[in-house]
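>>> Got a predicted structure here, sequence first:
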Amino acid sequence: MKKVITPIAITAADSNSRTITGRIVTFEETGNASIGKVQFAKNSIQATPVLLNLEHDRTRRIGKTLSIQASDKGIDATFKIANTTAGTDALVEAQEGLRDGFSVEVYFDEYETLKDGTVRILKGEMTGVALTSEPAIRSARVAEVAATEGETEISDSTIEPEAQPTEGEDEVEDTVKDASTAETVEAAQSVTANVNAAVGGWTTKPRLEFTAAKYLENTIRASLGDENARQYVAAADDTTDNAGLVPTRQLTEVINGLANTTRSAVDSISRGVLPDAGMSFEIPKITTMPTVAETAEAGTPSETDQASSFLSVSVKKYAGQQTFSVELLDRTSPLFFNELLTNMSAAYAKATDLAVYTALASGATADATTLTTYPTASELLGFVSRGAASVYSNTQGFARNILANTSQWANLMTLNDSGRPIYMAAQPSNAGGSVRPDSIRGNVAGLDLYVTANVPSANDTDKDDSMLIINPTAYTWYESPTYRLRADVIASGQVSVSVYGYGAIATKIGAGAFGINKT
């Protein structure tokens, strides 16, 4: 089964009711998609409710289908946009024409190739829709934007101050969603930035007797013709000599180039819900299949008893803690606490993603063909073909994903087969062969690409298992539905904040991954 991503236009965006409307599929019209020129036959895909993602990133879901209907011309849909920072930004960008294209994701297995190379899809399944900034049809833009009504400006005085802990409280408990909830934290941070003044301001001692009051007085006198006052104002306007009148502000934004909440290894396999109790659980697994064989007339049928056993899966705890003074919590900018939670969630995401990558690499079948350099285009196609055959032979399921570290990803972006790029980027551009430095999702030789930076040092360049071909159903990541956040005020006047959760990686069929051999 193949996958195609093709963009269409948005026709309306309503920020008041938080909806975006448009045609997501047009039948019998040729457009550029992730695999090149594509055309959808009439009724080739069904109008099925799906989630709306941002630039094909399934970890950044901004809405869901409110209504969807098909006609002879195509499929039209209206999406309800989530009341989050990302959702609000998406509405504004759609209204302003900054991100105003729809792009559908379709899996298909029935198609024909026209004389000009266009792939005409006869039957497929729509699995998602994305809001994009680079539609293939350049003229496909927002045709109508509904006016926002009833908005009122919010001033600092209309926002209630953040509640402080009640005196004597020893325990504060909250629930934080999984690593993808970083945008919720960002939303809180954005409001805080509008309400609280930045640290800093008029605190530096004036030099040369320049003060704000003195400056105002001389400004008035200068306007009345006082030459001395005019010279005073001119001298005060020299920012080099009069730092007392030129305050240094501290912005509320925080620079962080150390972590994010992307979990590519986790996304490359199947997901499951962790059982509600226990530090281990079992999954039934067939170990012997019944047999069927050609049998002579009146002969005895083939008989082999089906047998099964239980696969035991261990549950692991992933936790992090920060301890700081209650004064820091009470008297500093709320930005500190917001940034702390964001970074602890990012650290949790990195730890769990690394655990999945390690399990995949340790159980992968090594390629019998040794590659001594980064693969060429022909070597990569050979690796993919051997990996697909190995995975299918050992799991009776198809390889659908390829997981690569950043070094292998850099090489993938350079490869082409007879001038046609092997790597088709799905994010942020979705035209065939359009690759950018932030295109960490795409399609490589028919496999969905996932790029991860969360790898152990032994696999951080071109070593063994730096690229894995995966049957996602052979591995499942089970995770508790929430993290728990707990803050304790202890006798020393300190606060301990812990972010933790439980997860388990089940290697259902060890040969479900095929690793590159760089030894």
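Nice, thanks for sending it over.

>>> partner strands of the host helix or strand of Gly503, parallel or antiparallel?
If you go by DSSP states H and E, Gly503 is part of strand 494-507. Strands that pair with strand 494-507, judged by DSSP bridges, come out as strand 316-325 (antiparallel), strand 475-479 (antiparallel), strand 483-489 (antiparallel).

>>> Name the stretch among the ones you listed that sits most buried.
Most buried of those by mean neighbour count (mean count of other Cβ atoms under 10 Å) is strand 475-479; its value is a mean of 21. Every C-beta, even on glycine, is put in place using the N, C-alpha and C of the backbone.

>>> What are the contacting residues of that strand?
For strand 475-479, contacts defined as Cβ atoms under 8 Å, 6 or more residues apart in numbering pick out 178, 266, 269-275, 281, 313, 315, 352, 356, 359-360, 501-508, 512-513.

>>> and Gly299, what pLDDT?
pLDDT for Gly299: 91.

>>> any idea how far it is from Phe324?
Distance, Gly299 to Phe324, using Cβ to Cβ, to the nearest Å: 79 Å.

>>> try Gly515
Gly515 sits 43 Å away from Phe324, going by Cβ to Cβ.

>>> now Glu282
From Glu282 to Phe324 the distance is 42 Å (Cβ to Cβ).

>>> and if you look at Glu379?
52 Å.

>>> Flag every buried residue along stretch 111-124.
Tyr111, Val119, Arg120, Ile121, Gly124 (16 or more other Cβ atoms under 10 Å).

>>> Rounded mean pLDDT for it, please.
Mean predicted lDDT for stretch 111-124 stands at 85.

>>> start to end distance for it?
Start and end residues of stretch 111-124 are separated by 9 Å (Cα to Cα, to the nearest Å).

>>> Just the C-alpha atoms of stretch 277-295, please, in PDB.
Provided in PDB are the C-alpha atoms of stretch 277-295 (Å, rounded to 0.1, in the frame of the first residue of the first chain):
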ATOM      1  CA  ALA A 277      -2.100  -1.800  37.600                       C
ATOM      2  CA  GLY A 278       1.000  -3.900  37.900                       C
ATOM      3  CA  MET A 279       4.700  -3.400  37.000                       C
ATOM      4  CA  SER A 280       4.400  -6.100  34.300                       C
ATOM      5  CA  PHE A 281       1.700  -7.600  32.100                       C
ATOM      6  CA  GLU A 282       1.400 -10.500  29.600                       C
ATOM      7  CA  ILE A 283       0.300 -10.700  26.000                       C
ATOM      8  CA  PRO A 284      -0.900 -14.000  24.500                       C
ATOM      9  CA  LYS A 285       1.300 -15.100  21.500                       C
ATOM     10  CA  ILE A 286       0.800 -17.900  19.000                       C
ATOM     11  CA  THR A 287       3.900 -20.200  19.000                       C
ATOM     12  CA  THR A 288       2.600 -23.000  16.800                       C
ATOM     13  CA  MET A 289       0.100 -22.700  13.900                       C
ATOM     14  CA  PRO A 290      -2.400 -25.400  12.900                       C
ATOM     15  CA  THR A 291      -1.600 -26.900   9.500                       C
ATOM     16  CA  VAL A 292      -3.500 -27.600   6.300                       C
ATOM     17  CA  ALA A 293      -2.200 -29.900   3.600                       C
ATOM     18  CA  GLU A 294      -3.300 -31.600   0.400                       C
ATOM     19  CA  THR A 295      -5.200 -34.700   1.500                       C
END
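
>>> all helices for the stretch 1-150 of the chain, in order.
With DSSP state H, counting those that start in this stretch as the criterion, the stretch 1-150 of the chain has helices at 85-95.

>>> And the strands in it, which stretches?
Here the stretch 1-150 of the chain has its strands, by DSSP state E, counting those that start in this stretch, at 2-14, 19-26, 30-33, 36-40, 51-54, 57-70, 74-81, 101-113, 119-132, 144-146.

>>> again with the stretch 401-519 of the chain
For the stretch 401-519 of the chain, the strands defined by DSSP E, counting those that start in this stretch cover 401-405, 416-417, 420-421, 423-425, 441-444, 447-452, 467-470, 475-479, 483-489, 494-507, 513-517.

>>> export those to CSV and tack on mean pLDDT and distance to Lys42?
CSV is the format used below for the strands of the stretch 401-519 of the chain (pLDDT from 0 to 100; distance: least, Cβ to Cβ, whole Å):
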stretch, mean pLDDT, distance to Lys42
strand 401-405, 91, 31
strand 416-417, 74, 32
strand 420-421, 69, 29
strand 423-425, 62, 26
strand 441-444, 76, 26
strand 447-452, 88, 28
strand 467-470, 93, 35
strand 475-479, 95, 38
strand 483-489, 67, 47
strand 494-507, 89, 43
strand 513-517, 91, 39
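
>>> just the ones you listed: most buried one?
strand 467-470 comes out most buried of the strands of the stretch 401-519 of the chain by mean count of other Cβ under 10 Å, with a mean of 28.

>>> That strand pairs with which strands, parallel or anti?
Partners of strand 467-470 in the sheet, by DSSP bridges, are strand 401-405 (antiparallel), strand 513-517 (antiparallel).

>>> would you turn these into TSV with distance to Thr78?
TSV is the format used below for the strands paired with strand 467-470 (distance: least, Cβ to Cβ, whole Å):
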stretch	distance to Thr78
strand 401-405	31
strand 513-517	40
